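Novice: Curious how this folds, go ahead:
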Amino acid sequence: MTVARNYEGQGGGLTIDITGQVGTAIGEVLNPEGVDVTITQAWLEIITASTAGCNLSCGIEATGVTATDLWNAGAVDGLTAGSLSNCFAPQDTAETELTDPVDWGAAQYITFTGSASSVGLSARLHVTYTRQSA
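Specialist: So this is what the prediction gives:
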């Protein structure tokens, strides 16, 4: 046999519920794997748009720190309910490689920050990742 299953690159995924807040700190989620992973896909699903004028940023960082690796100051007050927004390009124009995958360290968080009040926002961030090889 010339191929065999490699268990090092096991992956997973998660869905994070996002609920708008009066302040700018919306929330954060710790890496659930406890090991470094590479995020290969992420998309934002809008259930209801923010009723306040707000830009959402989310990305990988230490607790309580604003990050923009996944979504950089995107307006969430004018988006259509049910819409899906790609958080980063899944492939280059030649459709042969991943564009800008995001590393998520074992002790890091996906943080969510608004530019202002995000009241009324209900959304989900869907994330797909692969464990990094040792």
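
Novice: Quick check, pLDDT for residue 70.
Specialist: The pLDDT attached to residue 70 in the predicted structure is 86.

Novice: And it, its phi and psi?
Specialist: Recorded main-chain torsions at residue 70 are phi -100, psi -40, according to degrees, to the nearest 10.

Novice: Just want to check the distance between it and residue 22.
Specialist: Taking Cβ to Cβ, to the nearest Å as the measure, residue 70 and residue 22 are separated by 23 Å. To be clear about C-beta, it is placed using only N, CA and C from the backbone, and glycine gets the same treatment.

Novice: The two: which has the busier surroundings?
Specialist: In this comparison of residue 70 against residue 22, neighbours counted by other Cβ atoms under 10 Å, the higher total goes to residue 70 at 25 against 11.

Novice: Do a quick rundown of the strands in this protein.
Specialist: Counting by DSSP state E, residue ranges of the strands within the chain are 11-19, 25-30, 37-48, 55-61, 71-75, 84-86, 102-104, 109-114, 122-131.

Novice: unless I'm mixing things up, residue 37 is touching residue 101, no?
Specialist: No. Proximity of residue 37 to residue 101 does not meet the contact threshold set by Cβ atoms under 8 Å, at 10.0 Å.
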